[in-house]
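Colleague: Sequence and predicted structure, then a few things I'm wondering about:
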Amino acid sequence: MQNKSFLILTFSVVILCFGIFLHRKPRVQNKFLFSCSNQQTGLTSENDTVYKIDLDMEKEEFIPLSSIFKRVKTIILETGIDCAIGIVSDLQVFDGCIYILDQGLAKSLFVFDMQGRFIRKIGNLGRGPGEYNIIRDFTIDAENKFIFLQDQGTLIHKYHLDGTYVHSFTIQIPSSNSYFIQSYNGRLYSSITPSKNIQTQDDYMLFEIDPNDGKIISRSLPIKLNKGWTKAIFTGNFFMSRLNNPPRYTQLFMDHVVSLDEEISTYIKLMSRYLVTERDLENLQQTSSTNAVSTNVMGNEFEYFQRNSKIWNVHSFIENNDFIIFNYIFGGVLNIFTVVFHKETRAVKITNNIINDLVFNSKRNMFGLIKFSDMQGAYEVIPTFVIDRFLEFIRNNEIVSGLDKLDQLKKLDEESNPIIFFYEFRDAE
């Protein structure tokens, strides 16, 4: 049913990695970061509500998953010709439904219930009304009960939650590419990458757009906060905690995570002597431009970060009332560290070895990828092409006894849809 080698290639990329102006000039959000001395970017002063996390502290040998989550629930997705999933590009859970985007094989947005039963697809492939070509991203308007699909570059399709098509519009931003969108509190945001090579003071990363016609309402976050970087490197979605209140946002080389609330404000400030600097990216650009032999620009960039031991790319962001948990890359893309931050005590634990003792009875790491989290817990996806490996763990008795739906898991095969494990948060101590 699925091309296994294609899936492996696509999954590897996931790991390496997710117009026209208004005649009246759009307003620029001025209150979104931290330095009262920097009037050029309009950054406001820090306060005690900003979480400061030191990434240079001593690392833990390992952190057991059971210290964060108290139990795991298994969700086995229905498999069928109408709902065959290759790679879970994105996943969101809302109002009793699981929304799964497959950008690769199916090129569709699927809806399942919380037991894994298939409900519907949102829209269809094609060029007619309500149809799309390539879905780059999707977001759910929780307040007004709409779904927005981003088709290729700047085309947005709007649907009701039941899949009924509403209308389409284009994000009216010239000389830029939009790859991710986020709805919150009736607003619609677009993460922008300028397509031109020359940066100006008018280049921003985050735009609020009108959710009805795509016109620009405001612009936030100058690209200098991302060290001036404008190339598209896909390692995951820049919007995080997507259905929490409010969602968060960062880009690959930012030293901050920001909140998308009434104002765009700093939420987390990262501190480390290993953070990527503007000079690092200037050196990288020079290295890439003088390297006439290699055409693998992405490979050159990753090699540079690894060689110079640089911290970048905050991702897999998980949060509830008590904890903030996220990953970052230190050097190469396979050297991933996890931060566990306690909000009340501001205690920090960091490790590159998370032991999944809720699923495995041996000291194994998480086998899949965290694709979504809400205030209740986090959702890990076990891709189709590694299900046979997971079944081998079962046969070798490496799975904890009493794992939810273990008997049903034994019946799966490499043609089955991906497995979802939902990890429920443990109460803070």
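Modeller: Done, it's in.
Colleague: Next, give phi and psi for Val93.
Modeller: phi -120, psi 130 (degrees, to the nearest 10).
Colleague: what pairs with it across the strands?
Modeller: Beta bridges link Val93 to Ile98 when assigned by DSSP bridges.
Colleague: distance of it from Lys371?
Modeller: Separation of Val93 from Lys371 (Cβ to Cβ, to the nearest Å): 10 Å. Every residue, glycine included, has its C-beta placed from N, CA and C.
Colleague: what residues are shared contacts of those two?
Modeller: Common neighbours of Val93 and Lys371 are listed as Tyr379 (criterion: Cβ atoms under 8 Å, 6 or more residues apart in numbering).
Colleague: Count the residues that sit near Ser373.
Modeller: Using other Cβ atoms under 10 Å, Ser373 has 25 neighbouring residues.
Colleague: Give me the nearest residue to it, chain neighbours excluded.
Modeller: Ile318 (4.1 Å; Cβ to Cβ, 6 or more residues apart in numbering).
Colleague: Tabulate the CA atom coordinates of the helix or strand hosting the one you found in PDB.
Modeller: Using DSSP states H and E, Ile318 sits within strand 311-319. Output of strand 311-319 as PDB, limited to C-alpha atoms (Å, rounded to 0.1, in the frame of the first residue of the first chain):
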ATOM      1  CA  ILE A 311      22.800  25.400  19.700                       C
ATOM      2  CA  TRP A 312      19.800  26.000  17.400                       C
ATOM      3  CA  ASN A 313      16.300  24.900  16.500                       C
ATOM      4  CA  VAL A 314      14.000  24.700  19.500                       C
ATOM      5  CA  HIS A 315      11.300  22.200  18.700                       C
ATOM      6  CA  SER A 316       9.000  19.400  20.100                       C
ATOM      7  CA  PHE A 317       7.600  22.000  22.500                       C
ATOM      8  CA  ILE A 318       5.300  20.600  25.300                       C
ATOM      9  CA  GLU A 319       3.600  22.600  28.000                       C
END
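Colleague: Number of residues surrounding the residue nearest to Ser373?
Modeller: 25.
Colleague: so it makes contact with Asp374?
Modeller: No: counting by Cβ atoms under 8 Å, Ile318 does not reach Asp374; the two are 9.3 Å apart.
Colleague: Count residues in the vicinity of Arg242, would you?
Modeller: 27.
Colleague: Also Lys363?
Modeller: Lys363: 11 surrounding residues under other Cβ under 10 Å.
Colleague: which ones are touching it?
Modeller: 62, 355, 357.
Colleague: In contact with the last one, which residues are there?
Modeller: When the contact criterion is Cβ under 8 Å, 6+ apart, the partners of Asp357 are 64-66, 363, 400.
Colleague: Looking at these, which has the smallest pLDDT value?
Modeller: Minimum pLDDT for the contacts of Asp357 is recorded at Lys363 (91).
Colleague: State the distance from that residue to Asn356.
Modeller: Distance from Lys363 to Asn356, by Cβ to Cβ: 9 Å.
Colleague: likewise Ile135?
Modeller: Taking Cβ to Cβ, one finds Ile135 at 30 Å from Asn356.
Colleague: what do you get for Ile268?
Modeller: Ile268 is 25 Å from Asn356, by Cβ to Cβ.
Colleague: ditto for Leu155
Modeller: Taking Cβ to Cβ, one finds Leu155 at 40 Å from Asn356.
Colleague: Now do the contacts for the residue nearest to Lys107 when sequence neighbours are not counted.
Modeller: Counting by Cβ to Cβ, 6+ apart, Lys107 lies nearest to Leu125, which is 5.9 Å off, once chain neighbours are set aside. Leu125 is in contact with 107-108, 131-133, counting by Cβ under 8 Å, 6+ apart.
Colleague: what is Leu125 paired to in the beta sheet?
Modeller: Applying DSSP bridges to Leu125, the residues it is bridged with are Tyr132.
Colleague: same thing with Lys73?
Modeller: Phe422.
Colleague: Tally up the residues packed near it, please.
Modeller: For Lys73, using other Cβ under 10 Å, the count is 15.
Colleague: okay, and for the stretch 251-400 of the chain, where does confidence drop off?
Modeller: The stretch 251-400 of the chain contains residues with pLDDT under 70 at 288-300.
Colleague: just the helices in it please.
Modeller: In the stretch 251-400 of the chain, the segments counted as helices under DSSP state H, counting those that start in this stretch are 278-290, 297-307, 387-395.
Colleague: Ile75 is nearest to which of those?
Modeller: helix 387-395 (13.9 Å; Cβ to Cβ).
Colleague: Need the residues that contact the closest one.
Modeller: Contacts of helix 387-395 (Cβ under 8 Å, 6+ apart): 360, 364, 367, 382, 399, 406, 409-410, 412-414, 416, 418-419.
Colleague: Give me the ChimeraX select line for those, limited to the buried ones.
Modeller: Buried members of the contacts of helix 387-395, defined by 16 or more other Cβ atoms under 10 Å, are picked up in ChimeraX with:
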select :360,367,382,399,409,412,416,418,419
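Colleague: Among the contacts of helix 387-395, which one sits closest to Lys227?
Modeller: Phe367 (33.8 Å).
Colleague: thinking that closest one is in contact with Ile354, fair?
Modeller: No: using Cβ under 8 Å, Phe367 makes no contact with Ile354, being 11.1 Å away.
Colleague: Quick one: buried ones out of the contacts of Asp357?
Modeller: Here, 16+ other Cβ under 10 Å leaves Leu65 buried among the contacts of Asp357.
Colleague: Sort out for me which of the contacts of Asp357 are in strands.
Modeller: Pro64 (DSSP state E).
Colleague: any idea which of the contacts of Asp357 is closest to Asn244?
Modeller: When those are compared against Asn244 (criterion: Cβ to Cβ), the nearest one is Leu65, at 20.6 Å.
Colleague: quick one: that closest one and Ile370, what's the gap?
Modeller: 11 Å.
Colleague: ditto for Glu319
Modeller: Taking Cβ to Cβ, one finds Glu319 at 12 Å from Ile370.
Colleague: list the contacts for the residue lying closest to Gln115 once chain neighbours are set aside?
Modeller: Computed as Cβ to Cβ, 6+ apart, the closest residue to Gln115 that is not its neighbour in sequence is Ile75, at 7.3 Å. Residues near Ile75 by Cβ under 8 Å, 6+ apart: 98, 114-116, 419-422.
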